[in-house]
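Enquirer: Sequence plus the predicted model coming up.
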Amino acid sequence: MRRQSLVKVLFVLPCVFAFTMVILVPFFYGLFFSMTNWNGVSETTKFVGFLHFGKVFTQPAFIHAFLASAAYTAINVTLVNAAGFALALVVTGNLRFRNFYRAGFFAPYLIGGIVLGYIWQFLFNSAIPALGKALSIEALQVSFLSRADSVIWAMSFVNTWQYAGYIMLIFIAAIQAIPASLMEAAKVDGAGYFRRVFHILMPMMANAFTISLFLTLTTSFKQFDMNFTLTNGGPATRFLDQPVMASQLLAMDIFNTAKANRMAEAQAKAVVLFVALVAVSLAQVSINKKKEVEQ
Amino acid sequence: MTRVHRGARVLAELAVVALFALFMIPFAMVVLNSAKTAQGIIFDPLSWPTDWGRLPRNIGLIFSNSTVRYAGAFLDSALITFFSLVVIVLFSSMCAWALVRTRKAWATILFFVFVAAMVIPFQVLMFPLVRWMRILGDFLHVRLLQSIPGMVFAYLGFGCPLSIFIFHGFIKNIPYELEESATIDGCGQARTFFEIVFPLLQPIIITVLILNGIWIWNDYLLPLLMLGSSGAVQTIPIAVTAFAGAYLKQWDLILTSTLIAMLPVIVLYLFAQRYIIRGMIEGAIK
């Protein structure tokens, strides 16, 4: 019996060691650093308490990045889930070549944010304006990335293109788990297609919505890669009488703060991101779970 | 009635084809413009290339470039992804099995810690991680920064919580009687796992491989921070950004470099599409 538990301890050891060194220690180390004057250059650091936390909330750049992230997340969660659900309905219907379509819709997910950021930068800055010129459509001739009022929408559009296929797969799994006889029975009773979708299908897959909303919410809020290569924060705009970057989301603001050797301040911003993320995702999951029970 | 029905059906099929085209256009634009010169792209990014021979020439320019070691980055990315996947699958499945089959408080707590850690965003960890890896490396006399083993170790740490969670859910549903009879036949614990349990995990291993594989191959921030943007070890996303940074707005080179970065993934997807889709759906149900 004792030998048995020794084997079990040995089995968990590699993961526990790597996990502790890579996640646990840096996490608490980071909480500590957010309360010091760490600048990434000098070896010694001094404890300064909550100084940075008070300071970051008076910075227009940080407040703007926070609000931009919130707006981007709200738009994204709506678009990605709506698109993913529509795609799931399409490819679970009785269309020809539906597996072919399914594979195509999922393909953008395989391409990393860095690479597709450059691809869409090209599409927005060169291809779409060229199309606008060819068709003489004025609205398309100026890049959506160069306007402060459209750049967040452009990023959400790209993210929807990337993520909808992945969310689609989650919905497909849920739809396939619902007995087909249920939809058949409703059809016989005279319920139209959209009624069946809204009143039977969607309530039956409440669990899938909990997962998909959680995934889209957290990934949008942490967005960095695509933000970096698609817009790099631009264009410049004004906020609270200060020049700020229109599409600089939270993660990028944190990264740029650290690049400017304000490491402790960047770390404090990251802790704010962490707390906001936990609060919002806990609220979302508990609301969704309550809905799941009600059904 | 049937006529209306058929009309609606044709309309739906057309809508899907249009939607599908919309999803594929970005890929098509990359291929088309990778076969043009920089001037050709500025002149007309929408046209069909006049000379497809430009495509292999552009690819050649990328690989023979002296500022960015593209081929080296390719190899490093492949090695990091491969070894990370091996250790993640092996150690996460071992850990998950031990946690499922141990009915003690520590196993429950440990599992809970792994799951809870999944909400920690990378941004909170990244700067202290680099500093800590330097300290730990010095202490253990191993090179953790700017090295492939260091990357593999970090990916095990970051990848294991989700992988353990997925394996845990799967192993819970494997009947214990199977292992019990093996134990009665005198099979040791470790042998029971490797000879009885591990082979049963095959479908869920595919899910774990795909989820982690896509993430590691495309990951940018972790390699950037641990390897540096111009160190001896590079990954594909770092090489692509280095390229775009060095050849600002030279879309012929940038687009060709993204094409090469995508190609292995797309080719793998074309061949293993069924497994990848099934693995992802399997992972979605959890």
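Expert: Thanks, I have the structure now.
Enquirer: give me the number of residues near residue 82?
Expert: Assuming you mean chain A. Neighbour count of residue A:82, defined by other CB atoms under 10 Å in any protein chain shown: 13. All C-beta spots, glycine's among them, are computed from the backbone N, C-alpha and C.
Enquirer: look at chain B instead
Expert: The burial count for residue B:82: 12, using other CB under 10 Å.
Enquirer: what about it, helix or strand, and which?
Expert: Using DSSP states H and E, residue B:82 maps to helix B:70-100.
Enquirer: buried residues in the helix or strand following that helix?
Expert: Where DSSP H and E defines the elements, the next helix or strand beyond helix B:70-100 is helix B:105-117. Within helix B:105-117, the residues scored as buried using 16 or more other CB atoms under 10 Å in any protein chain shown are B:107, B:110, B:111, B:114, B:117.
Enquirer: Give me the angle between the helix holding residue B:82 and helix B:105-117.
Expert: Counting by axes from the mean of the first three to the mean of the last three CA atoms, to 10 degrees, helix B:70-100 points 140 degrees away from the direction of helix B:105-117.
Enquirer: Helix B:70-100 vs chain A: in contact?
Expert: Yes - Helix B:70-100 reaches chain A (CB under 8 Å from any CB of the partner chain) through B:87, B:91, B:92, B:94, B:95, B:97, B:98, B:99.
Enquirer: quick one: low-confidence ranges for chain B?
Expert: Along chain B, segments meeting pLDDT under 70 span B:1-4, B:285-286.
Enquirer: what about stretch B:205-220, near chain A?
Expert: Yes - judged by CB under 8 Å from any CB, stretch B:205-220 and chain A are in contact via B:214, B:217, B:218, B:219, B:220.
Enquirer: Next, the contact list for the residue nearest to the fourth one when sequence neighbours are not counted, please.
Expert: It stands for residue B:219. Closest residue to residue B:219 in three dimensions, ignoring its sequence neighbours and counting by CB to CB, 6 or more residues apart in numbering or on different chains: residue B:237, at 7.0 Å. Counting by CB atoms under 8 Å, 6 or more residues apart in numbering or on different chains, residue B:237 touches A:112, A:114, A:115, A:225, B:218, B:219, B:220, B:223, B:261.
Enquirer: Show me which of these is closest to residue B:23.
Expert: Taking CB to CB as the measure, residue B:23 sits nearest to residue A:115 out of those, at 16.0 Å.
Enquirer: and the gap between the closest one and residue A:157?
Expert: 17 Å (CB to CB, to the nearest Å).
Enquirer: More neighbours: which of the two?
Expert: residue A:115 (27 against 17).
Enquirer: what separates the more buried one from chain B, distance-wise?
Expert: As for residue A:115, its distance to chain B is 5 Å (criterion: CB to the nearest CB, to the nearest Å).
Enquirer: same deal with residue A:274?
Expert: In terms of CB to the nearest CB, residue A:274 sits 5 Å off from chain B.
Enquirer: Excluding sequence neighbours, find me the nearest residue to that residue.
Expert: residue B:124 (4.7 Å).
Enquirer: do residue B:65 as well
Expert: residue B:243 (7.6 Å).
Enquirer: what's that neighbour in contact with, if anything?
Expert: Residue B:243 neighbours (CB under 8 Å, 6+ apart): B:62, B:65, B:68, B:70, B:253, B:254, B:257.
Enquirer: same thing with residue A:264?
Expert: A:33, A:34, A:35, A:36, A:37, A:38, A:39, A:45, A:48, A:52 are the contacts of residue A:264 under CB under 8 Å, 6+ apart.
Enquirer: Report the secondary structure state of the residue nearest to the fourth one when sequence neighbours are not counted.
Expert: By that I understand residue A:36. Computed as CB to CB, 6+ apart, the closest residue to residue A:36 that is not its neighbour in sequence is residue A:45, at 4.1 Å. The local conformation at residue A:45, judged by DSSP: H, G, I helix; E, B strand; the rest coil, is coil.
Enquirer: Any figure for the gap between residue A:45 and chain B?
Expert: In terms of CB to the nearest CB, residue A:45 sits 10 Å off from chain B.
Enquirer: Let me see the backbone angles for residue A:238.
Expert: According to degrees, to the nearest 10, the main-chain angles of residue A:238 amount to phi -120, psi 140.
Enquirer: do the same with residue A:239
Expert: Dihedral angles (degrees, to the nearest 10) for residue A:239: phi -150, psi 130.
Enquirer: which element is the residue nearest to it when sequence neighbours are not counted on?
Expert: Distance criterion CB to CB, 6+ apart; nearest residue to residue A:239, sequence neighbours excluded, is residue A:64 at 4.5 Å. In this structure, residue A:64 sits in helix A:60-92 according to DSSP H and E.
Enquirer: Break down the stretch 151-295 of chain A into its strands, ranges please.
Expert: A:236-239, A:242-245 (DSSP state E, counting those that start in this stretch).
Enquirer: Could you dump those into TSV and include mean neighbour count and mean pLDDT?
Expert: Below are these laid out as TSV (neighbours: other CB atoms under 10 Å in any protein chain shown; pLDDT from 0 to 100):
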stretch	mean neighbour count	mean pLDDT
strand A:236-239	14	88
strand A:242-245	16	90
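Enquirer: Now render those as CSV, adding distance to residue B:159.
Expert: Conversion of the strands of the stretch 151-295 of chain A to CSV gives the following (distance: least, CB to CB, whole Å):
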stretch, distance to residue B:159
strand A:236-239, 38
strand A:242-245, 32
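Enquirer: Burial check on residue 174, number of neighbours?
Expert: Since no chain was named, I'll use chain A. Residues near residue A:174, counting by other CB under 10 Å: 25.
Enquirer: my bad, chain B
Expert: 16.
Enquirer: what about it, which SS state?
Expert: coil.
Enquirer: Got the phi and psi for it?
Expert: Dihedral angles (degrees, to the nearest 10) for residue B:174: phi -90, psi 120.
Enquirer: what's the distance between the closest residue to it other than its chain neighbours and residue B:279?
Expert: Distances taken as CB to CB, 6+ apart put residue B:200 closest to residue B:174, at 5.9 Å, once the chain neighbours are dropped. Counting by CB to CB, the separation of residue B:200 from residue B:279 is 16 Å.
Enquirer: And those two? Which one has more around it.
Expert: residue B:279 (22 against 13).
Enquirer: Can you name the residues that contact the more buried one?
Expert: Here residue B:279 is in contact with B:203, B:206, B:207, B:209, B:210, B:211 (CB under 8 Å, 6+ apart).
Enquirer: try 6 Å
Expert: B:206, B:207, B:210 (CB atoms under 6 Å, 6 or more residues apart in numbering or on different chains).
Enquirer: among the residues you listed, who's most crowded?
Expert: residue B:207 leads these on contacts (other CB under 10 Å) with 25 neighbours.
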